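Enquirer: Generate coordinates for the sequence data below:
(4 chains)
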There are 2 protein chains.
Amino acid sequence: MKDLTHTQRMVLGFLKEYLSKHGYPPTIREIGAHFGFLWPAARGHLKSLEKKGFIRINPSRSRGIEIIGASYPERKAIPILGRIRAGSPEIASEEIDGTIKVDETLFPGEGLFCLKVRGESMRDGGILDGDFAVVRPQNTIENGEIGVVLIGDEATIKRVFLKEKKVILKPENKEMEATIHEPSEVTILGRVIGIIRSRV
Amino acid sequence: MKDLTHTQRMVLGFLKEYLSKHGYPPTIREIGAHFGFLWPAARGHLKSLEKKGFIRINPSRSRGIEIIGASYPERKAIPILGRIRAGSPEIASEEIDGTIKVDETLFPGEGLFCLKVRGESMRDGGILDGDFAVVRPQNTIENGEIGVVLIGDEATIKRVFLKEKKVILKPENKEMEATIHEPSEVTILGRVIGIIRSRV
DNA sequence: CTTTCATATATACAAATGTATACTAAAAAA
DNA sequence: TTTTTTAGTATACATTTGTATATATGAAAG
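Expert: Now for the predicted structure:
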């Protein structure tokens, strides 16, 4: 996607702000008035934004500006799992401790779930005790990614390496040692695609 | 809140559907056309919906229909600021790079904003490059909390200590040194109350 | 050096859109 | 019964709003 000029970025910012404030987009004249220039100039910026793919202008419709990608982000509730039952890919409702609602755009994908992080084992990787880890369920994982792994009955978050047919689970903490496992011992539940921390 | 008639409920439903589909509300004529009756009838329904408190009609504004309550349910958009202008407590629209929508319950408070973290200075505190820091604006900060501080023209995130009438800004990174400032040199913009990280 | 693009003013015009009023009719409320 | 609310049709009008074009300047690109 092409770069925006300063003015174009400002106009796009105003569009988003106006939209979230009023629930409908501004008119071309309102945009011009906000920035202090005459409105035909605003139209030029809108045309540029459309050409660069940031917005869509519906011809002849008043306020017919759609912000592409962010128009009306579908919000989804991500369930927070207190415990993970061995071998169950689907989420049982009794395991849901609550939900967190976040932008679809921020964490895309289906079937996401959250885990509350316990312990300091991933501290050096920027994952602290009490954080919520956003997990995308998947059966395999790329070498070196942070995954949610089930060992026996317990789910842990570790950086996962695959080496010589062994699974190496490496904590991001200098005081802790990596553990080596047979592939049959561990089950990959998913990849950590995000962290949400609240320290209110 | 008063009950709606069948037609009114239908109209309200269409409003929500149209809004989520297009990103902007329908015109009165579009509402009428959708239901097959002439548009002045639709205006009557809108007036009723407004009187009963379900929508707000902005006079003389095209598509100026706001759905009260239901449209933006218990969710707030937190603006992402690209840069922070010195000395301006209020948020200028040209500085908004986008928004993140999260639960009110997760990050309560008014006037929150987000900053995209740059650099490794808070790495050991679990704040990584590229994270979004959720900031609650406030003028003072408790000793040892993580704050957003303006030095000159630049905003940085540091752990803030107040000691012997000096302000100590301590990076959470063993390779970096704390800096000591006169209180007049620094402006406390807010406290970091959360972190959102997306590594999709 | 010429062309293009970004930015902006100024103006004319057509289309879209909201406002208002008159009228009818059935159902609900007083 | 009488009045109010709901639900329409029909029409006129003013305002809002988008479209288009001519003009100009400075910066960037070729």
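
Enquirer: Can you get me a residue count around A:Leu4?
Expert: Neighbourhood size, A:Leu4 [other Cβ atoms under 10 Å in any protein chain shown]: 16. Any C-beta I mention is one placed from the backbone N, CA and C, and that applies to glycine too.

Enquirer: Show me what the helix ranked longest in chain A packs onto, helices and strands only.
Expert: Ordering each helix of chain A by length in residues (DSSP state H) puts helix A:6-22 first. With contacts defined as 3 or more Cβ pairs under 8 Å, 6 or more residues apart in numbering or on different chains; DSSP states H and E, the packing partners of helix A:6-22 are helix A:28-35, helix A:39-51, strand A:65-67, strand B:96-103.

Enquirer: anything in it sitting right up against DNA strand D?
Expert: No: for helix A:6-22, no contact with DNA strand D is found by Cβ under 7 Å from any atom of the strand; the gap never falls below 10.9 Å.

Enquirer: If you compare the directions of that helix and helix A:28-35, what angle comes out?
Expert: 110 degrees (axes from the mean of the first three to the mean of the last three Cα atoms, to 10 degrees).

Enquirer: Just the buried positions in helix A:6-22, please.
Expert: For helix A:6-22, burial by neighbour count (16 or more other Cβ atoms under 10 Å in any protein chain shown) applies to A:7-20, A:22.

Enquirer: With respect to B:Ile168, which of the residues you listed is nearest?
Expert: Taking Cβ to Cβ as the measure, B:Ile168 lies nearest A:Gly13 of the buried residues of helix A:6-22, at 34.6 Å.

Enquirer: quick one: pLDDT of that closest one?
Expert: Note for A:Gly13: predicted pLDDT of 85.

Enquirer: distance of the residue of chain A positioned farthest from its centre from A:His6?
Expert: Here chain A reaches farthest from its C-alpha mean at A:Leu38, the gap being 38.5 Å by Cα atoms, centre = their mean. Per Cβ to Cβ, to the nearest Å, A:Leu38 is found 19 Å from A:His6.

Enquirer: angle of the longest strand out of those in chain A against strand B:96-103?
Expert: Secondary structure of chain A per DSSP state E: the longest strand is strand A:186-198. If you take the same axes, to 10 degrees, strand A:186-198 sits at 110 degrees to strand B:96-103.

Enquirer: then strand A:186-198 to CSV, C-alphas only?
Expert: Below are the C-alpha coordinates for strand A:186-198, written out as CSV (Å, rounded to 0.1, in the frame of the first residue of the first chain):
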residue,chain,number,x,y,z
VAL,A,186,3.8,-33.2,24.0
THR,A,187,0.8,-31.8,22.2
ILE,A,188,0.9,-28.4,20.4
LEU,A,189,-2.2,-26.6,21.2
GLY,A,190,-1.5,-23.3,19.4
ARG,A,191,0.7,-20.3,18.9
VAL,A,192,0.7,-17.2,21.0
ILE,A,193,-0.2,-14.4,18.7
GLY,A,194,-0.7,-11.7,21.2
ILE,A,195,-0.4,-10.5,24.7
ILE,A,196,-2.9,-8.3,26.6
ARG,A,197,-1.7,-6.9,29.9
SER,A,198,-3.9,-4.8,32.3
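
Enquirer: Tabulate the helices and strands packed on helix A:6-22 in CSV, adding columns for distance to DNA strand C and mean neighbour count.
Expert: Below are those laid out as CSV (distance: least, Cβ to the nearest atom of the strand, whole Å; neighbours: other Cβ atoms under 10 Å in any protein chain shown):
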stretch, distance to DNA strand C, mean neighbour count
helix A:28-35, 7, 17
helix A:39-51, 3, 17
strand A:65-67, 12, 21
strand B:96-103, 16, 21
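
Enquirer: that older thread, nearest to B:Asp103, out of the buried residues of helix A:6-22: which one, please.
Expert: A:Ser20 (16.0 Å).

Enquirer: Quick check: that closest one touching B:Gly98?
Expert: No: A:Ser20 lies out of contact with B:Gly98 (Cβ atoms under 8 Å); the separation is 10.5 Å.

Enquirer: Can you give me the domain assignment for chain A?
Expert: A:6-67, A:77-196 (automatic domain parsing).

Enquirer: Residues of chain A that sit close to DNA strand C?
Expert: So chain A meets DNA strand C at A:5-8, A:32, A:35-38, A:40-41, A:44-45, A:48, A:60-62, A:64 (Cβ under 7 Å from any atom of the strand).

Enquirer: any idea how far A:Ala178 lies from DNA strand C?
Expert: 51 Å (Cβ to the nearest atom of the strand, to the nearest Å).

Enquirer: Could I get the phi/psi values of that residue?
Expert: The phi and psi values for A:Ala178, taken as degrees, to the nearest 10, are phi -70, psi 150.

Enquirer: For the residue positioned nearest the centre of chain A, give its distance to A:Lys116.
Expert: Geometric centre of chain A, nearest residue: A:Phe107, 2.5 Å, by Cα atoms, centre = their mean. A:Phe107 is 16 Å from A:Lys116, where distance means Cβ to Cβ.

Enquirer: likewise A:Lys166?
Expert: 29 Å.

Enquirer: what's the answer for A:Tyr18, then?
Expert: In terms of Cβ to Cβ, A:Tyr18 sits 37 Å off from A:Lys116.

Enquirer: next one: A:Asn139
Expert: Taken as Cβ to Cβ, the span from A:Asn139 to A:Lys116 is 23 Å.

Enquirer: between these two, who's got more neighbours?
Expert: Counted by other Cβ under 10 Å, A:Asn139 and A:Lys116 do not tie: A:Lys116 has more neighbours, with 14 against 9.

Enquirer: I figured that one hits A:Ile80, correct?
Expert: Yes: assessed by Cβ under 8 Å, A:Lys116 is found in contact with A:Ile80 at 6.5 Å.

Enquirer: hang on, isn't A:His181 packed against A:Val167?
Expert: Yes: counting by Cβ under 8 Å, A:His181 touches A:Val167, with 4.7 Å between them.

Enquirer: Looking at the two, which is more packed in?
Expert: With neighbours defined as other Cβ under 10 Å, A:His181 and A:Val167 compare such that A:Val167 has more, 22 against 13.
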